[in-house]
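# Requesting a structural model of the entry that follows:
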Amino acid sequence: MVEIHWNTADSCYVLHSSILLPVPREVVFDFFSDAFQLERITPPWLKFRVITPAPILIQAGTLIDYRLRLRGVPIRWRTEISTWDPPFSFTDRQLKGPYYLWEHLHTFGTQDGGTLVTDEVRYRVPGGRLAHWLFVGSNLTKIFTYRREQMLELFGQPRHYELPDRQRPDSVQPSTAFSGSTKRLAGQADDR
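Model prediction:
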């Protein structure tokens, strides 16, 4: 479920969404460690694309550029990975884009043998409460609902999972943690 509320103390909106996935935390975190996977979990109507060239080494201070279309209007967006604590959490914050404030904390906890993925986004919008009421709040709810649905489709049932080849240049290989986790998901022996 996606929830949005106004935080009076910080004068910003806070979006909260969480989903329990039946796969190990390392698998889910590795998926999010590949910036190009964001294209897979963002609604197609946004025409969202990562424009920073691959490979992108994610760590604190990494800058990532995107482009998207919102209601037909082209938007460029730049974020910075402001915190990076694998495989537990990371934060991206908008440096340039459509919001006055955008700080997105991603956390990955273990629960009931799976991974609890939680998104908490603090944001402020141009046009204030009226713009939020008219379209921003409903758009964000649709975007994060779509994201949840895609994560359930990708990770809802334990299975073998590979990152698509088109997202990774030939010189970049999935990390050892990801590869080992996918073997366990496929029911194969883990040779580590």
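# Which strands and helices lie in contact with the longest helix along the chain?
Longest among the helix segments of the chain by residue count, using DSSP state H, is helix 137-155. For helix 137-155, the contact count by 3 or more C-beta pairs under 8 Å, 6 or more residues apart in numbering; DSSP states H and E identifies strand 2-7, strand 12-21, helix 25-32, strand 114-124 as packing neighbours. All C-beta atoms are positioned from the backbone trio N, CA, C, and that covers glycine.
# Quick one: residues in contact with that helix.
By C-beta atoms under 8 Å, 6 or more residues apart in numbering, the surrounding residues in contact with helix 137-155 are 2, 4, 13, 15, 17, 19, 21-23, 27-28, 31, 40-43, 46, 70, 117, 119, 121, 161.
# Does Phe135 belong to a helix, a strand or coil?
helix (DSSP: H, G, I helix; E, B strand; the rest coil).
# Span of stretch 40-53 from start to end?
Taking C-alpha to C-alpha, to the nearest Å, the first and last residues of stretch 40-53 lie 17 Å apart.
# could you give me the average pLDDT of that stretch?
The pLDDT scores in stretch 40-53 average 97.
# So which residues make contact with that stretch?
Stretch 40-53 is contacted from outside by 35-36, 38-39, 56, 63-70, 142-143, 146-147, 150-151, 154, using C-beta under 8 Å, 6+ apart.
# what separates the longest strand seen in the chain from the chain centre, distance-wise?
The longest strand of the chain (DSSP state E) is strand 73-85. How far strand 73-85 lies from its chain's middle: 11 Å, per C-alpha atoms, centre = their mean, to the nearest Å.
# do stretch 17-24 as well
With C-alpha atoms, centre = their mean, you get 13 Å for stretch 17-24.
# List phi and psi for Arg40.
Dihedral pair for Arg40: phi -70, psi -30, per degrees, to the nearest 10.
# how close does it sit to Asp92?
17 Å (C-beta to C-beta, to the nearest Å).
# Show me which of the two is the more surrounded one.
Between Arg40 and Asp92, counted using other C-beta atoms under 10 Å, the more crowded position is Asp92 (22 against 17).
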